[in-house]
Every structure is written in C-alpha cells, then in structure tokens.
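Chemist: My questions are about this predicted structure, shown below with the sequence.
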Amino acid sequence: MGYNKVNKLRMYKRIIDLTAEHYEVGITTYKGVWRKYIYPVYPISYALYMKIINLPSVERMLGEEEQRVGAKPEQTEIKNQLKLF
C-alpha cells in the first residue's frame, strides 16, 4: 500500500479553520493564535504553522487526494451523539 497524505491535509484544514475562527486582523497575531489554540492540540513548530496557513488551496488538494486514493470525505460530528472518551 502506498503513502497518501489525506490525513495530513485534513489536519492542515483543521488548523486553517481554527486560525480563521480565532484570528482577528489588527487585534490578534498568528503567534498568539498558534500559542493559545494550535500548539496545545497539534504540537507543531511555529515555522510549520506559518507554512500551513500560507498554503494556496488545502481544500482543493484534499479533494484531489481523496479522489485519487478513494478515501471517504471526513465525517462531521453529530451534535447529540454520545462520546466514549
């Protein structure tokens, strides 16, 4: 089985979504968002974080990779679904 980068691209998309949710132009900095929201969940360096948020189109790359590999799109959580952990 070959290597595919679907999970890595999904992680990148979640990081970009978290940044968009918490970053406010002129009020917060990317370093502050990385320190408070990204690093505790995804222990990546600030340099890698900057590379991720500057990628041109993660959603397009993710769609192409999922099509190539035949992976199912990421499932969204159901609000009233109980969690085990």
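Modeler: Yes, it's here.
Chemist: alpha carbons only for contacts and neighbour counts from here, please
Modeler: Will do.
Chemist: And the strand or helix carrying M11, what's buried?
Modeler: Per DSSP states H and E: M11 is located in helix 6-22. Within helix 6-22, the residues that count as buried by 16 or more other Cα atoms under 10 Å are V6, L9, R10, Y12, K13, I15, I16, T19, H22.
Chemist: Then stretch 38-52?
Modeler: I38, Y49, I52.
Chemist: distance of T19 from R35?
Modeler: 11 Å (Cα to Cα, to the nearest Å).
Chemist: Touching both of the two, which residues are there?
Modeler: Shared contacts of T19 and R35 (Cα atoms under 8 Å, 6 or more residues apart in numbering): none.
Chemist: before we move on, the earlier item: can I get the buried residues of stretch 38-52 in CSV including secondary structure and distance to L62?
Modeler: Converted to CSV, the buried residues of stretch 38-52 look like this (DSSP: H, G, I helix; E, B strand; the rest coil; distance: Cα to Cα, whole Å):
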residue, secondary structure, distance to L62
I38, helix, 20
Y49, helix, 18
I52, helix, 13
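Chemist: who's in contact with stretch 31-49?
Modeler: I15, L18, T19, H22, Y23.
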